[in-house]
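# Output the structure for:
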Amino acid sequence: MLKPAQSSLPAPFRYLAWSNLAAQCAEQIGLAASPIFAVLALGAGAGETGILQMAQTLPFLLFAIPIGLLADRVHRSRLMAATEALRTASLLCIVLLAATGLITLPLLALLGFVGACGTVAYSVTAPATVPGLVNGSDLPRANARIELARTSAYAAGPALGGLLVGHLGAVQAFSWAAALSLAAVLLLSRVGEPARSTAPRRRAWLELKEGAAFVLGHPLLLPVFVTQLIFNTAFFMLYSAYVPHAMARLHLSAQGVGETLSAYGAGMIIGALCATRVMRRLNFGTVIATGPVAGLAGGALMALTIWLPYPALAAAAFLLLGAGPILWVISTTTLRQTITPPQLLGRVSAINILAYGARPIGASLGALIGGEWGAQACLLAAVVAFAMQAAVILISPVSRLAERPATVAA
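Numbers count the residues shown, from 1 in each chain. A predicted model of the protein is given here:
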């Protein structure tokens, strides 16, 4: 089995990792501050904050594929720097408009949409950039470092955003986010991405078709993609039903709900910290299968709270739903980077990001099932979906991989 080298990762990668941390923190502070500011300063209700959230996530569906195509055509770190600079500009516009009293809900949604383009570019382009910055044996460790930055920001960013708005005001909160975003741009300018061979440019649709055909025709990437689609559907079915279930059945206050949900972020951090050791000790396919199996176990624990209404069980469920899938993200990202030709990495990463499109589908199914039969029925339906995604990966050749496949050349 391949062993990761123990030397420090190269300086260009470290700049990328620090820029990723800064950008992710900027994103999370902005995502937390926007709805709070909208409610407190603009009088927004649930419908308006829903529209705001939609505007901040819509770029994933609209731009993931075009950015993936660009990532295979241009200098990747420059592409990330340009889109992150766009986020910096959008945050500075919010600061200026809020300070002068000219901000409106449509403007806040529009600027949130623009800023989210930086998130999409990072999500698509960073995994495609890493293989050019580190040795092949260091990929698991490098991916764990990237995920640790993302999960740390995910866990701490919302609380920090709320704290900044509550104690310093929205202008200061968005100013901090803009400063972090600018720091990410400056760090990206230090990433010396090596030259790479690219295929001759053709019509865009032909290049996109090539990326999709590679994923859908690959015996390892296809089950990974299908598993991820089903997992996202199942998780957001569970997530949409959890709050009403927790308050009605577990008798939790708003603070208690928040405390159980925080176990999800804790699980993500634990999984990212342990990933390198786990991947060193277990077969590669076993590590990949750990995520879907942990998802099924977490879903089953949450369903168990229907009959055993203990908040500790709900927290344990979210801990598993955070820790296991982070191992999945790190290991499948490493697999994708290893078996995909470098000139296709951007498009293949973009197709992977499209699996996030299952999130609104899961939330919609949760709303439909919960509305008709109640939150408990929704939790049970989520368990069925979690079982499906675990079955897909366990019967695929992916789970039988003894070690990481050899790296594919251009």
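# Skipping adjacent residues, who's closest to Asn283 in space?
Distances taken as C-beta to C-beta, 6 or more residues apart in numbering place Ala402 nearest to Asn283, at 5.2 Å, with adjacent residues excluded. Just so you know, the C-beta spots here come from the backbone N, C-alpha and C atoms, and that holds for glycine as well.
# Now do the SS call for the one you found.
Following DSSP: H, G, I helix; E, B strand; the rest coil, the label given to Ala402 is coil.
# Look up how far Arg73 lies from it.
According to C-beta to C-beta, to the nearest Å, Ala402 stands 36 Å off from Arg73.
# Ok, Leu394 next?
For Leu394, the distance to Arg73 equals 37 Å [C-beta to C-beta].
# Mind checking which of Ala402 and Arg73 has more residues around it?
Arg73 (17 against 9; other C-beta atoms under 10 Å).
# Next, the more buried one: secondary structure please.
With three-state DSSP as the basis, Arg73 sits in coil.
# For it, grab phi and psi.
Backbone geometry at Arg73, expressed as degrees, to the nearest 10, gives phi -110, psi -30.
# In terms of pLDDT, where does it sit?
At Arg73, the pLDDT value in this model is 79.
# For Leu79, see how far away it is.
For Arg73, the distance to Leu79 equals 9 Å [C-beta to C-beta].
# Common neighbours of these two, please.
Residues touching both Arg73 and Leu79 (C-beta atoms under 8 Å, 6 or more residues apart in numbering): there are none.
# could I have stretch 300-315 exported to PDB, CA atoms only?
C-alpha atoms of stretch 300-315 as PDB (Å, rounded to 0.1, in the frame of the first residue of the first chain):
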ATOM      1  CA  ALA A 300     -30.400   4.700  11.800                       C
ATOM      2  CA  LEU A 301     -29.400   6.300  15.100                       C
ATOM      3  CA  MET A 302     -31.500   9.300  14.200                       C
ATOM      4  CA  ALA A 303     -34.500   7.100  13.400                       C
ATOM      5  CA  LEU A 304     -34.000   5.300  16.700                       C
ATOM      6  CA  THR A 305     -34.800   8.600  18.500                       C
ATOM      7  CA  ILE A 306     -38.400   8.000  17.400                       C
ATOM      8  CA  TRP A 307     -38.600   5.300  20.000                       C
ATOM      9  CA  LEU A 308     -35.700   6.400  22.300                       C
ATOM     10  CA  PRO A 309     -36.000  10.200  22.400                       C
ATOM     11  CA  TYR A 310     -32.600  10.900  23.900                       C
ATOM     12  CA  PRO A 311     -30.700  14.000  22.600                       C
ATOM     13  CA  ALA A 312     -27.400  12.200  23.000                       C
ATOM     14  CA  LEU A 313     -28.500   9.700  20.300                       C
ATOM     15  CA  ALA A 314     -29.200  12.600  18.000                       C
ATOM     16  CA  ALA A 315     -25.800  14.100  18.700                       C
END
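# how about the helices of the stretch 301-410 of the chain, start to end?
Ranges of helices within the stretch 301-410 of the chain are 311-339, 345-353, 358-373, 375-394, based on DSSP state H, counting those that start in this stretch.
# Other residues contacting whichever strand or helix holds Ala177?
Element membership for Ala177 (DSSP states H and E) is helix 170-188. Contact with helix 170-188 is made by 15-16, 18-20, 22-23, 25-27, 29-30, 33, 36-37, 40-41, 77-78, 80-81, 84-85, 87-88, 91-92, 94-95, 98-99, 118, 161, 164-165, as judged by C-beta under 8 Å, 6+ apart.
# any idea how far Val171 is from the residue of the chain positioned farthest from its centre?
Using C-alpha atoms, centre = their mean, the residue of the chain lying farthest from its centre is Thr100. It sits 34.0 Å away. Taking C-beta to C-beta as the measure, Thr100 falls 10 Å from Val171.
# just Gly295 next, same as before
From Gly295 across to Val171, the span is 40 Å (C-beta to C-beta).
# These two - which one has more neighbours?
Taking other C-beta under 10 Å, Gly295 and Val171 do not tie; Gly295 has more neighbours (27 against 20).
# ok, how many other residues are close to the residue nearest to the more buried one when sequence neighbours are not counted?
Distances taken as C-beta to C-beta, 6+ apart place Phe386 nearest to Gly295, at 5.1 Å, with adjacent residues excluded. When neighbours are defined as other C-beta under 10 Å, Phe386 has 29 of them.
# correct me, but Phe386 touches Phe231?
Yes: the pair Phe386 and Phe231 passes the contact test of C-beta atoms under 8 Å, sitting 7.4 Å apart.
# overlap in contacts of the two?
The contact sets of Phe386 and Phe231 overlap at 292, 295 (C-beta under 8 Å, 6+ apart).
# angle of the lowest-mean-pLDDT helix or strand in the chain against helix 345-353?
Every helix and strand in the chain was compared by mean pLDDT, DSSP states H and E; the lowest is helix 46-71, with a mean of 73. Using axes from the mean of the first three to the mean of the last three C-alpha atoms, to 10 degrees, the direction of helix 46-71 lies 150 degrees away from that of helix 345-353.
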